[in-house]
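Visitor: Sequence and predicted model, in that order:
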Amino acid sequence: MNNTCLACDSTCNGCISNATQCKACASPMRWLNPVGGDCSVDKATCGDGRYLDLTDNSCAMCYTNCKTCTNATDCSACMDTFWLSNNTCAACISNCTTCMDGTTCSVCNDDFHVDKNDSTCTSNDCVDGQYWD
């Protein structure tokens, strides 16, 4: 005991007992390890379609077609061609790359365009040397 205040580790937003036993993580991109209390695990470490399972500090698979999730069943973002519906991923309409819901497309596959009337994907019907505007 030095009877003095010492700095917490830079990964911590406040600490308890020692420099690396964090109250919270300084970066929102880090996990607070419930076992050791440190913030050494980067959330991005697991990659797309996986999450950090805190029961054993391993990367586990998200729900099908889920890009980011907090656990096996709660999705927060979907892979391309899917949209988020009640924490799960549902397929976009035909020929749609990015959709807002099951009937509204915002970006279509190559050679298709978003129809201004109903937000579906319609074939461009352009010949070589032309483009859709």
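Guide: Structure received.
Visitor: hey, let's count contacts and neighbours off CA atoms from now on
Guide: Noted.
Visitor: Please tell me I have it right and A7 contacts N18.
Guide: No. With contacts counted by CA atoms under 8 Å, A7 stays clear of N18, the gap being 9.0 Å.
Visitor: what's the overlap in contacts for these two?
Guide: Overlap between the neighbourhoods of A7 and N18 is empty, taking contacts as CA atoms under 8 Å, 6 or more residues apart in numbering.
Visitor: mind checking the SS state of the spatially most central residue of the chain?
Guide: Per CA atoms, centre = their mean, the C-alpha nearest to the average position across the chain is that of T68, at 3.0 Å. The local conformation at T68, judged by DSSP: H, G, I helix; E, B strand; the rest coil, is strand.
Visitor: which residues are contacting the lowest-mean-pLDDT helix or strand in the chain?
Guide: Among the helices and strands of the chain, strand 41-42 carries the lowest confidence by mean pLDDT, DSSP states H and E, at a mean of 73. With contacts defined as CA under 8 Å, 6+ apart, strand 41-42 is touched by 29-33.
Visitor: Name every strand pairing with that strand and say which way it goes.
Guide: When pairs are called by DSSP bridges, strand 41-42 turns out to pair with strand 30-31 (antiparallel).
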